[in-house]
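Trainee: Take this sequence and fold it.
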Amino acid sequence: MSGLILSDDLLFTSRITGTARDLGLTVTPARSADRLLEMARARPPACVIVDLSNPGLVLNDLMADLRTLSPVPRVVAYGSHVDAETLKAARAAGCDPVLSRSKFVEELPTQLRIWLAD
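Mentor: Prediction:
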């Protein structure tokens, strides 16, 4: 089971990839949407995790590009709890689940295996 994460936050990304590794899973980081899409096209992931605060992120464009993959990956998004509009837009774009950063951290160890399930 493998996934990709779009985030330029190296410390937080390390936390996520480390949790995945501890669970026997693989989550590969990408710092830009272009790089993430290049990796996803080469090997479609079961899940894409998106940091909604990633610089330059145009979520609707990313989601449209991810929907061209076969199979279409699940997209899990997280962001600041105070940025309710961005969280709402992520839900409208088709991300599921969409979590505050703190809730994402809380659920990561128990939900990652489910999110990455093929």
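Trainee: residue closest to the middle of this protein?
Mentor: Centrality entry for the chain: nearest residue to the mean C-alpha point is Ile49, 0.7 Å, by CA atoms, centre = their mean.
Trainee: give the contact list for it.
Mentor: Contacts for Ile49 (CB atoms under 8 Å, 6 or more residues apart in numbering) come out as 3-7, 16, 27, 75-78, 115. Placement of C-beta: from N, CA and C, glycine included.
Trainee: now with 7 Å?
Mentor: If you count contacts by CB atoms under 7 Å, 6 or more residues apart in numbering, Ile49 has them with 3, 5, 16, 27, 76.
Trainee: what does Thr86 give?
Mentor: By CB under 7 Å, 6+ apart, the neighbours of Thr86 are 52, 79.
Trainee: Check the gap between it and Ala92 for me.
Mentor: 11 Å (CB to CB, to the nearest Å).
Trainee: Likewise for Gln111?
Mentor: From Gln111 to Ala92 the distance is 22 Å (CB to CB).
Trainee: residue ranges of the strands in the chain, please?
Mentor: Along the chain, counting by DSSP state E, strands occupy 2-6, 26-30, 47-51, 74-79, 98-100.
Trainee: shouldn't Leu66 be in contact with Val75?
Mentor: Yes: contact criterion CB atoms under 7 Å: Leu66 and Val75 qualify, at 6.3 Å.
Trainee: what residues are shared contacts of those two?
Mentor: Contacts common to Leu66 and Val75, judged by CB under 7 Å, 6+ apart, are Val48.
Trainee: mind showing which ranges of the protein have poor pLDDT?
Mentor: Applying pLDDT under 70 to the chain flags residues 1, 118.
Trainee: for this structure, what spans make up the helices?
Mentor: Using DSSP state H, the helices found in the chain span residues 10-22, 33-42, 59-66, 84-93, 101-115.
Trainee: And the nearest residue to Arg67 once chain neighbours are set aside, how far from Ala77?
Mentor: Leaving aside its chain neighbours, Arg67 sits nearest to Gly94 (7.9 Å; criterion: CB to CB, 6 or more residues apart in numbering). Shown here: Gly94 relative to Ala77, a distance of 10 Å by CB to CB.
Trainee: What of Ala84?
Mentor: Counting by CB to CB, the gap from Ala84 to Ala77 is 13 Å.
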